[in-house]
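Asker: predicted structure and sequence below. I'll ask about it afterward.
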Amino acid sequence: MPGQHIAQANPPPDASQLPKDLLKYTAQLNTHDYLSHDELKSIDLFTRSANYIAAAMIFLNSNAQLEKKLTHDMIKPRLLGHWGTCPGLILVYAHLNRIIRKTGLDALYVVGPGHGAPAVLSCLWLEDSLSTFLPEYTRDHVGLEKLISRFSVPGGFPSHINAQTPGAIHEGGELGYALSVSFGAVMDNPDLIVACVVGDGEAETGPTAAAWHAAKYIDPAESGAVLPILHVNGFKISERTISGVMDNEEVTALYTGYGYHVRIVEDLENIHNDLAASFEWAVSEIRKIQKAARSGSPIVKPRWPMIVLRTPKGWTGPKTLRGEFIEGSFRSHQVPLPEAKTNPEELEMLQKWLESYRPDELFTKEGRPVDAILDVIPEASKKLGLRDEAYKNYKPINTPNWRKFTFNVGEEESCMKAIGRFLKEVVEENPKTFRIFSPDELVSNKLDAVLEATGRNFQWDVASRAQGGRVIEILSEHTCQGMLQGYTLTGRTGLFPSYEAFLGIVQTMMVQYSKFSKMASETTWRQPCGSLNYLETSTWTRQEHNGFSHQNPSFIGAVLNLKAQFARVYLPPDANCFLSTISHCLRAKNYVNLMVGSKQPTPVWLNKEEADKHCIAGASVWKFASVDDGVKPDVVLVGIGVEMTFEVIAAAALLRKYMPALRVRVVNVTDLMILSPFGEHPHALTRASFETLFTSDRHIHFNYHGYPIELRGLLGGRHNTERISIEGYAEEGTTTSPFDMMLCNHTSRFDVAMAAIRGGAHFNERVAVDAHEIISFIKHLAQKEREYIYKHGKGVFHPSRVSNLGA
């Protein structure tokens, strides 16, 4: 890709029109000779050694200590890695080590530029965290050779940070989420500070723009703190970054407006003193804010510290290549010398580059770091790669007995109101290990019973400041998702309720998290953590008032596409089943749980004992709605979802009236994954079990809450699928009546009844004789209902009222 032309390396931003006195809002520090001679030496050696290792990891397959002159055979056949961000990440790591060792700080390191894996891995090797989990990566020549040669090759470390990286709680692929993950991690961790590097490329993403506000949801009395470090190295893959062309006045104005106290670190000749002083200032500011809050006198709108670190991209790497700038330009983003394997000039440049770190001063002949490097490394329990929070901190939550919240059969109750009362007690029983992350929809989604036990945690609002609220409401799904991930991966349990249509906003975040979970499960040293729990309501079936934009069940399909062992999708048919389901999901580990249900009052079909058995089974025959308890059916009608199930039951009643000869079996599916072909999902029914529910040869009609193509994908591997018909959301909708939403998507009782007659006619001659006449009549009833709706603005029928069953 052609990159932009630059006239100089590390070009400065043009001066803005803002007044220079804006810089008075930045932290001004005296950094001259801040470090002692010994500290400065140790920091310098640590950064040099980590830079050397990181560069070597990208290029070398042998000769890790540069004991011989490089040859083309010593270069990897495929050069992968991102050098440009590594020097900055290493610089931050080194100074975190120093302040941890000096003060005993409890810290995690979250790296937004996750493609800078060589930086983090080199530091982990130096501090000897790698060998704790991966004994073959010893802190000696053998381990160093293995680390360098096995990076970005099949079977070795990948080019991005992932769950195989000790200390990591953030998948280093898709950009935008490091900051929100960090804020989630410090919630209810009062002694923890997360240093979060946000790359200036990542800073251009929408999720990051919202996440800067997450500090407004941190109560310093109960939670730790995030130290954001905006790393401005000026370039993306082939262009300058927005932050890179902003001068200090513009940067100060922006982040001061967000509520931060900005410290700009850019004195390259004095970088170690500058950054050391800035870290100590930042920790001191954090402690002042926390002390005030914990002594009962919280600072209103505290200015949390943040650091803006300006260093050249690819700092300490090659300066130029064939007349083009490398260091301080986009050309150092990935592999600065891409033809080192075959080009003698580039191989010689690589030799000089690696020699510039003077590796003979960094390692003993046995390949161990020299003592001065070890002097900056914290004690074992404090090492960034060995923090319990990152891999073994799960705290199971206590859930109340869901049965005490249940209702009698025949009553009508909102699934969300029922679980709202349940969640109220969950909050009360788990005051430090459970939170709800909601995009400003808790009351709208009828979960407001929670607010009887707790409040919101918006610290900039006087109404909720310093009250220990367990509810985070911010109208950014990305920020809610990131905070949920950080909270979950550090050992706690959370819940993300949302309007159904807008959960898709975080679809790729959820997928990235699932990838992290997959690799974590294959990493022997990572212990389980809680599940990601999504509560999807305000569904399309009852968004007839908001209209087409609010009608979108596609998040179901996103979860179905995940690795089977992690994906769980539940569509409980009533309040009692929903109570059983959410109790299970909050206690489950390592899954992505999606629970879909209605917030409107709907009938309770099963008592608590029946609901318990039904949810354990995942599906069952509903004898009360079937003909002769569902024995010897002509057709099987299946409801999946609250309103879909209601319409199936209504269709069964309709058929008893107009087609009494048709023998109908009604089945409800609450665990979607049971439909998968056996062996493809842990919950999948065997063929024998599938056929006991759905018969081996009778027509099956599914009335499904989501897109029909999802169900076709699940059922595709089943035997005799030509007997199956499916209706679901067909991307039809508007502002209309609730029942018209059923009609326009062909999921109404009339549509189900017609499908039942068509299917049953193949097996029951008495049904076949009258099929055309009765189908025509039912079609006429449907048309009459639609005409009534358009004339009167409301319908005769309704998809959730018991009084509306039948016709």
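Answerer: Received, thanks.
Asker: give the rounded mean pLDDT of stretch 289-303.
Answerer: Computed over stretch 289-303, the mean pLDDT rounds to 97.
Asker: as PDB, could you dump the C-alpha coordinates of it?
Answerer: What follows is stretch 289-303 as a C-alpha-only set of coordinates in PDB (Å, rounded to 0.1, in the frame of the first residue of the first chain):
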ATOM      1  CA  ILE A 289      -8.300  10.800  45.200                       C
ATOM      2  CA  GLN A 290      -8.800   7.400  46.800                       C
ATOM      3  CA  LYS A 291      -7.800   8.600  50.300                       C
ATOM      4  CA  ALA A 292     -10.300  11.400  50.100                       C
ATOM      5  CA  ALA A 293     -13.100   9.000  49.100                       C
ATOM      6  CA  ARG A 294     -12.200   6.400  51.600                       C
ATOM      7  CA  SER A 295     -12.100   8.900  54.400                       C
ATOM      8  CA  GLY A 296     -15.700  10.000  53.600                       C
ATOM      9  CA  SER A 297     -14.900  13.200  51.800                       C
ATOM     10  CA  PRO A 298     -14.800  12.300  48.100                       C
ATOM     11  CA  ILE A 299     -13.500  14.900  45.600                       C
ATOM     12  CA  VAL A 300     -16.300  16.000  43.300                       C
ATOM     13  CA  LYS A 301     -15.300  15.400  39.700                       C
ATOM     14  CA  PRO A 302     -11.700  14.300  40.500                       C
ATOM     15  CA  ARG A 303      -9.200  14.800  37.700                       C
END
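Asker: how far off centre is that stretch?
Answerer: Counting by C-alpha atoms, centre = their mean, to the nearest Å, stretch 289-303 is centred 30 Å from the centre of its parent chain.
Asker: how close does Ile674 sit to Cys615?
Answerer: Distance of Ile674 to Cys615, computed by C-beta to C-beta, to the nearest Å: 11 Å. Yep, even glycine has a C-beta here, placed from its N, CA and C like the rest.
Asker: over to Tyr487?
Answerer: Counting by C-beta to C-beta, the gap from Tyr487 to Cys615 is 26 Å.
Asker: and those two? Which one has more around it.
Answerer: Tyr487 (27 against 24; other C-beta atoms under 10 Å).
Asker: would you map the strands across the stretch 551-700 of the chain?
Answerer: Using DSSP state E, counting those that start in this stretch, the strands of the stretch 551-700 of the chain run over 567-570, 592-596, 601-603, 619-621, 635-640, 664-669, 699-704.
Asker: and the ones you listed, which is most packed in?
Answerer: Of all the strands of the stretch 551-700 of the chain, strand 635-640 has the most neighbours on average by mean count of other C-beta atoms under 10 Å, namely a mean of 28.
Asker: now for that one, which elements pack on it?
Answerer: Other helices and strands packing on strand 635-640, by 3 or more C-beta pairs under 8 Å, 6 or more residues apart in numbering; DSSP states H and E, are helix 642-658, strand 664-669, helix 687-694, strand 699-704, helix 749-760.
Asker: in the longest helix anywhere in the chain, what's buried?
Answerer: Assignment by DSSP state H gives helix 765-792 as the longest helix of the chain. For helix 765-792, a neighbour-count test (16 or more other C-beta atoms under 10 Å) marks 767, 770-771, 774-775, 778, 781-782, 785-786, 788-789 as buried.
Asker: cool, stretch 750-766 as well?
Answerer: By neighbour count with 16+ other C-beta under 10 Å, stretch 750-766 contains the buried residues 750-764.
Asker: same deal with stretch 345-356?
Answerer: By neighbour count with 16+ other C-beta under 10 Å, stretch 345-356 contains the buried residues 346-347, 349-350, 353-354.
Asker: I'd like these laid out as CSV, including distance to Phe46 and pLDDT.
Answerer: As requested, the buried residues of stretch 345-356 are exported to CSV (distance: C-beta to C-beta, whole Å; pLDDT from 0 to 100):
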residue, distance to Phe46, pLDDT
Glu346, 28, 97
Leu347, 28, 98
Met349, 25, 97
Leu350, 22, 98
Trp353, 19, 98
Leu354, 17, 98
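Asker: returning to that earlier point: out of the buried residues of helix 765-792, what pair is the most spread apart?
Answerer: Val767 and Ile789 (29.7 Å; C-beta to C-beta).
Asker: what residues does the helix-or-strand element of the chain with minimal mean pLDDT touch?
Answerer: Within the chain, no helix or strand scores below helix 738-744, which has a mean of 90 by mean pLDDT, DSSP states H and E. With contact meaning C-beta atoms under 8 Å, 6 or more residues apart in numbering, helix 738-744 is reached by 540-544, 551, 643, 647, 730, 732-734, 736, 748-751, 782, 785-786, 789, 795-800.
Asker: can I have the buried ones of the residues you listed as a PyMOL selection?
Answerer: Of those, the buried ones go into a single PyMOL selection, burial set by 16+ other C-beta under 10 Å:
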select buried, resi 540+541+542+543+544+551+643+647+733+736+748+749+750+751+782+785+786+789+795+797+798+799+800
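Asker: poorly predicted segments of this structure, please.
Answerer: Scanning the chain with the threshold set as pLDDT under 70 gives 1-3, 544, 800, 802-807.
Asker: isn't Leu309 right up against Gly234?
Answerer: No - applying C-beta atoms under 8 Å as the test, Leu309 and Gly234 come out as separate, 11.6 Å apart.
Asker: show me which of the buried residues of helix 765-792 is closest to His261.
Answerer: Nearest to His261 among the buried residues of helix 765-792: Ile789, at 58.6 Å, using C-beta to C-beta.
Asker: pretty sure the closest one sits against Thr736.
Answerer: Yes - using C-beta under 8 Å, Ile789 is in contact with Thr736, at 7.0 Å.
Asker: pretty sure Pro573 contacts Glu643?
Answerer: No - counting by C-beta under 8 Å, Pro573 does not reach Glu643; the two are 9.6 Å apart.
Asker: if we can go back for a sec, the strands of the stretch 551-700 of the chain: which one's closest to Ala466?
Answerer: Checking the strands of the stretch 551-700 of the chain against Ala466 by C-beta to C-beta gives strand 592-596 as the closest, at 32.2 Å.
Asker: quick one: the closest one to helix 642-658, angle?
Answerer: Here the directions of strand 592-596 and helix 642-658 differ by 40 degrees (axes from the mean of the first three to the mean of the last three C-alpha atoms, to 10 degrees).
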